[in-house]
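Visitor: only geometry, no sequence info:
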């Protein structure tokens, strides 16, 4: 005859097995459907958010053969979407401009790659986004009606069988610009991994549950109340501030788990207290570092005949990656520069400080190219491979009424011609400081011929890349218009304030993601 304990153990164990098996089965099915829906929704939203940026990055970088910069932006896109397998950028004419699968390490070189599949070509030419299903191999176009409801149509915008979000998609096509479409290939590996993990958790939980059931049948009240008393006493000691106290419970049930959690809580409280002290110290050190970096900026801009000068910097964090300076060589010559280190924060701030010191050291060098070559050589040796600095170095000679400059991979300066009332961009050129040991072949000294009333604006990429929301950024077009609109103001200082105010008004309350810096020169 079986004892009550045995029957209780068998009953509880059987019930736990049935319950956990049923719950695991239901949860797996629900989780699988929910993940499939999430992947579809996230992919669609992600495509809408990033297609325009990818096309813009292509025009800004890859179209100009700046594969390193473009590849950096594409890697950031992949990091934001774990379920993304591949990205393509295709012109409406069918030419494949970019394919991440084949252009992982270097830019594609060769004859134009054309889309051969007519159905796929129709998708890339449509103004509506579309999907290609993985299981049924059909194309479904997505359109929003006047009420904002999602409709499923064919290429001619006629209704088709609705797409079930539980289905899987092979790829999604999203219009990026009036000339291009972005294609996102989707991976469901995370879904499969989640299902496998859920099954494993179900098995582990069932095993754990059986063990708990057996322990519940054999344990007595005394073995429960004793460790609870220890925990109560331990809580009192912990309340007095002794975070090193630990409760020792040798039972193998939920009370032991509770005791472990109690001890973990005591450990976390001790760690948190130390972390809080450390955080306060770091905050004060960052505040001090920010003050030191601010001291590196020129307090007074030198007065030079023939040129009205102003500058400003708005850091994105306590420590910025942008810098500018003015070094008066003599009564007739003024050296000035604007630099932008990759990223922002403490590492960028250190590179800024090093560069600032190097430029001061070599400021007596008459040849701007040689000056930058010396700075580049030391930055390349003393900084990590992923830290580099774009820079535009300028030199004003009041006796010759001459402004020369050298660009090291920096943004093109904007030149407002007062007589014609138009703006132009100075030629691009050079490569960022610190990227290569020798950049002599990439540097070129140019001259900007400025007439009375002309304005020249040097700026960091934090201005054109200032975001208003997740989809819209300031852009070069708006910056050029702003320079054209404000260049008639009476002073460089007024122009600087107007440009910065325009950028901040555009961004509104959206978080500033990069440092904003500019130098304004107005010819008198």
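Guide: Thanks, I have it. What you are looking at is a predicted structure, and each value in this text was computed from that prediction instead of being measured.

Visitor: just the element for the spatially most central residue of the chain, please.
Guide: For the chain, the residue nearest the mean C-alpha position is residue 76 (6.1 Å; C-alpha atoms, centre = their mean). If you go by DSSP states H and E, residue 76 is part of helix 67-80.

Visitor: buried residues in that helix?
Guide: Neighbour counts over helix 67-80 (16 or more other C-beta atoms under 10 Å) mark 67, 70-71, 73-74, 77 as buried. C-beta coordinates here come from the backbone N, C-alpha and C atoms, glycine included.

Visitor: what are the ranges of the helices in the stretch 51-200 of the chain?
Guide: All helices of the stretch 51-200 of the chain, identified by DSSP state H, counting those that start in this stretch, fall at 67-80, 118-125, 189-218.

Visitor: hmm, who's touching the second one?
Guide: Applying C-beta atoms under 8 Å, 6 or more residues apart in numbering, the external contacts of helix 118-125 come out as 90-92, 94, 115, 130, 132, 139, 141, 155, 173, 181, 183.

Visitor: now with 10 Å?
Guide: Residues outside helix 118-125 that contact it (C-beta atoms under 10 Å, 6 or more residues apart in numbering): 88-94, 96, 114-115, 117, 129-132, 138-139, 141, 154-155, 171-176, 180-183.

Visitor: just the buried ones from those residues, in ChimeraX syntax?
Guide: Listed next is the ChimeraX selection for buried residues among the contacts of helix 118-125, using 16+ other C-beta under 10 Å:
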select :88,89,90,91,92,94,96,115,129,130,131,132,139,141,171,172,173,174,175,176,180,181,182,183
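
Visitor: which strand residues bridge residue 99?
Guide: On the basis of DSSP bridges, residue 99 takes part in beta bridges with residue 88.

Visitor: model confidence for it, exactly?
Guide: As predicted, residue 99 sits at a pLDDT of 93.

Visitor: same thing with residue 18?
Guide: Reported pLDDT for residue 18: 73.

Visitor: ok, now the one 5 residues further on?
Guide: The predicted local distance difference test score for residue 23 is 74.

Visitor: for the closest residue to it other than its chain neighbours, give its distance to residue 31.
Guide: Nearest residue to residue 23 in three dimensions, chain neighbours excluded: residue 202, at 7.4 Å (C-beta to C-beta, 6 or more residues apart in numbering). Separation of residue 202 from residue 31 (C-beta to C-beta, to the nearest Å): 11 Å.

Visitor: mind listing what the residue nearest to the centre of the chain touches?
Guide: 50, 53, 57.

Visitor: CSV please, covering the residues you listed and showing neighbour count, distance to residue 440 and pLDDT.
Guide: Listed next are these as CSV, based on neighbours: other C-beta atoms under 10 Å; distance: C-beta to C-beta, whole Å; pLDDT from 0 to 100:
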residue, neighbour count, distance to residue 440, pLDDT
50, 24, 38, 91
53, 18, 34, 92
57, 23, 29, 91
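
Visitor: export the residues you listed to TSV and tack on distance to residue 336?
Guide: Formatted as TSV, the contacts of residue 76 follow (distance: C-beta to C-beta, whole Å):
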residue	distance to residue 336
50	37
53	33
57	30
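
Visitor: show me those that map onto strands.
Guide: Among these, no member falls in strands (DSSP state E).

Visitor: returning to that earlier point: ok, the buried residues of helix 67-80 vs residue 372, which is closest?
Guide: Nearest to residue 372 out of the buried residues of helix 67-80 is residue 67 (C-beta to C-beta; 23.1 Å).

Visitor: quick one: the closest residue in space to the closest one that isn't next to it in sequence from residue 71, how far?
Guide: Using C-beta to C-beta, 6+ apart and skipping the chain neighbours, the partner closest in space to residue 67 is residue 107 (4.2 Å). When distance is defined by C-beta to C-beta, residue 107 is 9 Å away from residue 71.

Visitor: what is in contact with these two at once?
Guide: Counting by C-beta under 10 Å, 6+ apart, the residues touching both residue 107 and residue 71 are 61-62, 98.

Visitor: which member of those residues is positioned nearest residue 342?
Guide: residue 61 (14.1 Å).

Visitor: which residues touch the residue nearest to residue 486 when sequence neighbours are not counted?
Guide: With C-beta to C-beta, 6+ apart as the criterion, residue 486 has its nearest non-adjacent residue at 4.2 Å, and that residue is residue 498. Contact partners of residue 498, counting by C-beta under 10 Å, 6+ apart, are 482-483, 485-487, 489, 520.

Visitor: re the thing from before, burial count for the residue nearest to residue 23?
Guide: Neighbour count of residue 202, defined by other C-beta atoms under 10 Å: 17.

Visitor: cool, the one 5 residues further on as well?
Guide: As a burial measure, residue 207 scores 13 neighbours (other C-beta under 10 Å).

Visitor: tell me how far it lies from residue 258.
Guide: As judged by C-beta to C-beta, residue 207 and residue 258 stand 20 Å apart.

Visitor: next: residue 493.
Guide: On the measure of C-beta to C-beta, residue 493 and residue 258 end up 67 Å apart.

Visitor: residue 412 too?
Guide: 65 Å.

Visitor: any regions of the stretch 1-150 of the chain where pLDDT drops low?
Guide: Applying pLDDT under 70 to the stretch 1-150 of the chain flags residues 1-13, 20, 24-25, 27-28.

Visitor: now do the strands in it.
Guide: 84-91, 96-99, 129-133, 139-144, 150-153 (DSSP state E, counting those that start in this stretch).

Visitor: mind putting those in JSON lines, distance to residue 248 included?
Guide: JSON lines is the format used below for those (distance: least, C-beta to C-beta, whole Å):
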{"stretch": "strand 84-91", "distance to residue 248": "50"}
{"stretch": "strand 96-99", "distance to residue 248": "61"}
{"stretch": "strand 129-133", "distance to residue 248": "58"}
{"stretch": "strand 139-144", "distance to residue 248": "61"}
{"stretch": "strand 150-153", "distance to residue 248": "59"}
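
Visitor: between the ones you listed, which gets nearest to residue 376?
Guide: strand 96-99 (30.0 Å).

Visitor: and that closest one, how far out from the chain middle?
Guide: 22 Å (C-alpha atoms, centre = their mean, to the nearest Å).

Visitor: on that earlier part again, quick one: which of the shared contacts of residue 107 and residue 71 is most hemmed in?
Guide: In the shared contacts of residue 107 and residue 71, the most neighbours by other C-beta under 10 Å go to residue 98, 26 neighbours.

Visitor: ok, now which ones touch that one?
Guide: 54-55, 57-58, 62-63, 67, 70-71, 74, 87-90, 107-108, 113, 180, 182-183.

Visitor: ditto for residue 323
Guide: 293, 296-297, 313, 337-341, 348-349, 351-353, 355-356, 359, 389, 391, 460, 515, 517.

Visitor: pLDDT on the host helix or strand of it, on average?
Guide: Residue 323 is part of strand 322-328 when elements are defined by DSSP H and E. Averaged over strand 322-328, pLDDT sits at 92.

Visitor: rewinding a little: ChimeraX command to pick out the buried ones of the contacts of residue 498?
Guide: Per 16+ other C-beta under 10 Å, the buried members of those correspond to this ChimeraX selection:
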select :482,483,486,487,489,520
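
Visitor: and the contacts of residue 498, which of them are in strands?
Guide: Filtering those for strands - DSSP E - leaves residue 520.

Visitor: nearest to residue 455, of the contacts of residue 498?
Guide: Using C-beta to C-beta, the contacts of residue 498 come closest to residue 455 at residue 487, 4.1 Å.
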